[in-house]
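Colleague: Generate a structure from the sequence data that follows.
(2 chains)
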There are 2 protein chains.
Amino acid sequence: MSASARLIALDWGTSSLRAYLLGDGGAVLDEVSLPWGIMATPDGDFAKALETATAPWRRVHPDLPMIAAGMIGSAQGWRQVPYVSCPAGPSELAADIGRQAADPNIPLPIVPGVSIDGDIPDVMRGEETQVLGALHLAPHLFHRSLLVMPGTHSKWVSVQDGAITDFTTYLTGELFAVLARHSILGRPAIEAARDVPPANAPVSWDSFERGVRMVRDTPSRGLSSLLFSARTLVLAGRLAPSDSLDYLSGLVIGEELRGALAPRKAGDGGPLALIGEKTLCERYRRALVLFGIAEAPIIAGASAAGLWRIAAQSFPHVACA
Amino acid sequence: MSASARLIALDWGTSSLRAYLLGDGGAVLDEVSLPWGIMATPDGDFAKALETATAPWRRVHPDLPMIAAGMIGSAQGWRQVPYVSCPAGPSELAADIGRQAADPNIPLPIVPGVSIDGDIPDVMRGEETQVLGALHLAPHLFHRSLLVMPGTHSKWVSVQDGAITDFTTYLTGELFAVLARHSILGRPAIEAARDVPPANAPVSWDSFERGVRMVRDTPSRGLSSLLFSARTLVLAGRLAPSDSLDYLSGLVIGEELRGALAPRKAGDGGPLALIGEKTLCERYRRALVLFGIAEAPIIAGASAAGLWRIAAQSFPHVACA
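Modeller: Residues are numbered from 1 along each chain as shown, chains lettered A, B, ... in the order given. Presented below is the predicted three-dimensional model:
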């Protein structure tokens, strides 16, 4: 913690609350991660959760400005902030932010999400802020790029001239989770885990890549048929039960890549980069290689950088104090 | 129940046990359906379940022969019966059946399942018997046909000259169930159901067909992206929460049809027919129409007919008593 603290920045999503104390230029001075996503905030009391999470910082810096992004701005969050339409860049995202306070008594502006209309509407909340952060951290992505954000609901975001011009969501992470936990496909791994707890088991990259290749090399088959191979290969003794979830992970991530890369040739959308949790991004990086995309750097720290950038644009005293 | 009773036939699957008392020519004289699938047999005691289910019949006809098909012949069932390879017709399925008794003391032969080897292995247990029954009930399917068997694990079965030559499994029913019960896609319907219990709600065929068309008309998108539209259309106020599960059902069944029909032109595999539970088959029938297949009759009673046919072939005294 330093005297140069300038901003408290919150990435407040469905399953976690990450709070950052940021200093000059957006440097991360301190951070805290709590399992207090909007679906699991103690007593549903957002004000108290904010107070508890940031108390140590506010004791030292009582008047620091704050900013938040993520599902905290949804109907299930603290205050519903209207979506901004594409193209959405820093100006659009920051435009109304002074009026987006979470609570009249608490000066916590919330960054709006971004939406797309059309036959298939789409929405994001939180990822828009990570995109701005990534463009700040990796300026070569600014003019034209394709940003892949793996997660429960993965996003593929097209960027032009620093603004989000289009994006598509894939239910990949949630699909994997419900199949692994609740379907017949998860059973062999559950039984295998009685012998080797999965926390101690390394990723079977062979099985993961086998799943990715299965999807890539079987274009005539839809996902719901390929999923069944995660069962039959085990039954046939050709896939170890303990490796079956890595194979399943390869199938669903492969399906995402098959869908996302089908309409474009590699390089069409400019350079590609990955934003998100490191281990999950590594799965995507390896899968992308199998789809012919050898270069996909993983960008860390995008949320804090994006929150800083929006705050600095909206509240000049943050950047210039 | 009649003096002409000839056979007790059991369709014993993962989630239910259906028992039939069959008379001359396979006529169904009586039947009983119990929620005693192999995963839910009371105390895991198959012998006792069989005894209880068939006691009223066996009191009158103590020496009736019996036969069973389905997951009861799997590793998780009463006795593991080896799979038969394709092509599998009545002779192959009946060949070893005299030696497939469930228990040395209980004369219950079990019909073997069918398996396919190759890059993507596949298996069935129980459906092979329904196929034989369907060919018996609808002889025009015998020479060449494509049989669609909707369910937890849907099967598409190619038939030539009365034998199963190829098949593919789709995880469609289980995919729908885990997404509806455990993912974010099921939530709007759960909330809507507080007002209108779903048992009282009719199927929204409009929403179902909208989901099918969404998959059919968006070939560039994979399933994991289209699934997310079941959420965003509700968020955008363009799909009623109470209709969202019918839309989701249309998406996953549409995905199955997209995958299954892609490699062939309509009519390529001969006439097509549906075998299975009536309401579910009606969903498939409507979806097939949207994919340009106007003729897909629904065949009922295939299990009992198939069990009869295999028994009559294996135990001549059944057919000729």
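Colleague: How about the contacts made by the residue of chain A positioned farthest from its centre?
Modeller: Distance from the centre of chain A peaks at residue A:236, with 36.5 Å (CA atoms, centre = their mean). By CB atoms under 8 Å, 6 or more residues apart in numbering or on different chains, the residues touching residue A:236 are B:115, B:117, B:121. (Glycine included, C-beta is placed from N, CA and C.)
Colleague: Near the last one, how many residues? Count them for me, please.
Modeller: This points to residue B:121. Neighbour count for residue B:121, taken as other CB atoms under 10 Å in any protein chain shown: 20.
Colleague: One more: residue A:161?
Modeller: Neighbours around residue A:161, by other CB under 10 Å: 10.
Colleague: Then the one 10 residues further on?
Modeller: Neighbourhood size, residue A:171 [other CB under 10 Å]: 27.
Colleague: Would you agree it is in contact with residue B:183?
Modeller: Yes - checked against CB atoms under 8 Å, the pair residue A:171 and residue B:183 is within contact range at 7.4 Å.
Colleague: how about the residues of the stretch 51-200 of chain A near chain B?
Modeller: A:115, A:117, A:119-123, A:153, A:168-172, A:174-175, A:178-179, A:181-185 (CB under 8 Å from any CB of the partner chain).
Colleague: In ChimeraX, how would I select just the buried ones from the residues you listed?
Modeller: Applying 16 or more other CB atoms under 10 Å in any protein chain shown to these, the buried members can be selected in ChimeraX as follows:
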select /A:115,120,121,122,123,153,168,169,170,171,172,174,175,178,179,182,183,184,185
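Colleague: Among the residues of the stretch 51-200 of chain A next to chain B, which ones are in helices?
Modeller: A:172, A:174, A:175, A:178, A:179, A:181, A:182 (DSSP state H).
Colleague: which ones are touching the fourth one?
Modeller: Think residue A:178. By CB under 8 Å, 6+ apart, residue A:178 lies in contact with B:178, B:179, B:182, B:183.
Colleague: Dump the residues you listed into CSV; add pLDDT as well.
Modeller: Shown next, in CSV, are the contacts of residue A:178 (pLDDT from 0 to 100):
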residue, pLDDT
B:178, 96
B:179, 96
B:182, 94
B:183, 92
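Colleague: gap between the residue farthest from the centre of chain A and residue B:70?
Modeller: From residue A:236 over to residue B:70 the distance is 20 Å, taken as CB to CB, to the nearest Å.
Colleague: from the contacts of residue A:236, which single one is nearest chain A?
Modeller: Here the nearest of these to chain A, counting by CB to the nearest CB, is residue B:121; it sits at 4.4 Å.
Colleague: I figured that closest one hits residue A:231, correct?
Modeller: No - applying CB under 8 Å as the test, residue B:121 and residue A:231 come out as separate, 9.5 Å apart.
Colleague: And residue A:202, what's its pLDDT?
Modeller: Residue A:202 is assigned a pLDDT of 88 by the prediction.
Colleague: That one: how many residues sit nearby?
Modeller: Around residue A:202 there are 6 other residues, counting by other CB under 10 Å.
Colleague: Check for me that it belongs to a helix.
Modeller: No - per DSSP: H, G, I helix; E, B strand; the rest coil, residue A:202 lies outside any helix segment and is coil.
Colleague: Quick check: phi and psi on it?
Modeller: Here is the backbone geometry of residue A:202 (degrees, to the nearest 10): phi -70, psi 160.
Colleague: how close does it sit to residue A:246?
Modeller: Taking CB to CB, one finds residue A:202 at 10 Å from residue A:246.
Colleague: Kindly report the same for residue A:228.
Modeller: 17 Å.
Colleague: Make sure residue A:318 is actually in contact with residue A:311.
Modeller: Yes - here residue A:318 reaches residue A:311: they are 4.9 Å apart, a contact under CB under 8 Å.
Colleague: so residue A:17 sits right up against residue A:8, yeah?
Modeller: No - contact criterion CB under 8 Å: residue A:17 and residue A:8 do not qualify, at 12.0 Å.
Colleague: where's the closest residue to residue A:143 other than its chain neighbours relative to residue A:42, distance?
Modeller: Excluding the flanking residues, the one nearest residue A:143 by CB to CB, 6 or more residues apart in numbering or on different chains is residue A:161, at 6.3 Å. For residue A:161, the distance to residue A:42 equals 42 Å [CB to CB].
Colleague: contacting residues around residue A:218?
Modeller: So residue A:218 contacts A:226, B:119, B:120 (CB under 8 Å, 6+ apart).
Colleague: Kindly recompute the last result at 10 Å.
Modeller: A:225, A:226, A:229, A:254, A:258, B:119, B:120, B:259 (CB atoms under 10 Å, 6 or more residues apart in numbering or on different chains).
Colleague: Quick one, grab the pLDDT at it.
Modeller: 92.
Colleague: Just to be sure, it is in a helix?
Modeller: No - under three-state DSSP, residue A:218 sits outside any helix and is assigned coil.
Colleague: which stretches of the stretch 151-300 of chain A form helices?
Modeller: Under the criterion DSSP state H, counting those that start in this stretch, helices of the stretch 151-300 of chain A are mapped to A:172-182, A:187-192, A:205-216, A:223-235, A:244-261, A:278-290.
Colleague: between these, which gets the lowest average pLDDT?
Modeller: Minimum mean pLDDT among the helices of the stretch 151-300 of chain A: helix A:187-192, a mean of 83.
Colleague: Secondary structure element holding residue A:146?
Modeller: strand A:144-149 (DSSP states H and E).
Colleague: I'd like to know how far the residue nearest to residue A:143 sits from residue B:162.
Modeller: Per CB to CB, residue A:161 is found 65 Å from residue B:162.
Colleague: do the same with residue A:81
Modeller: Separation of residue A:81 from residue B:162 (CB to CB) stands at 64 Å.
Colleague: Looking at the two, which is more packed in?
Modeller: Set residue A:81 next to residue B:162 and count neighbours by other CB under 10 Å: residue A:81 wins out with 25 against 18.
Colleague: quick check, the more buried one in a strand?
Modeller: No - assigned with three-state DSSP, residue A:81 falls outside any strand and is coil.
Colleague: tell me the pLDDT at the nearest residue to it once chain neighbours are set aside?
Modeller: Here the nearest residue to residue A:81 in space, its sequence neighbours aside, is residue A:73; by CB to CB, 6+ apart that works out to 3.9 Å. pLDDT, residue A:73: 95.
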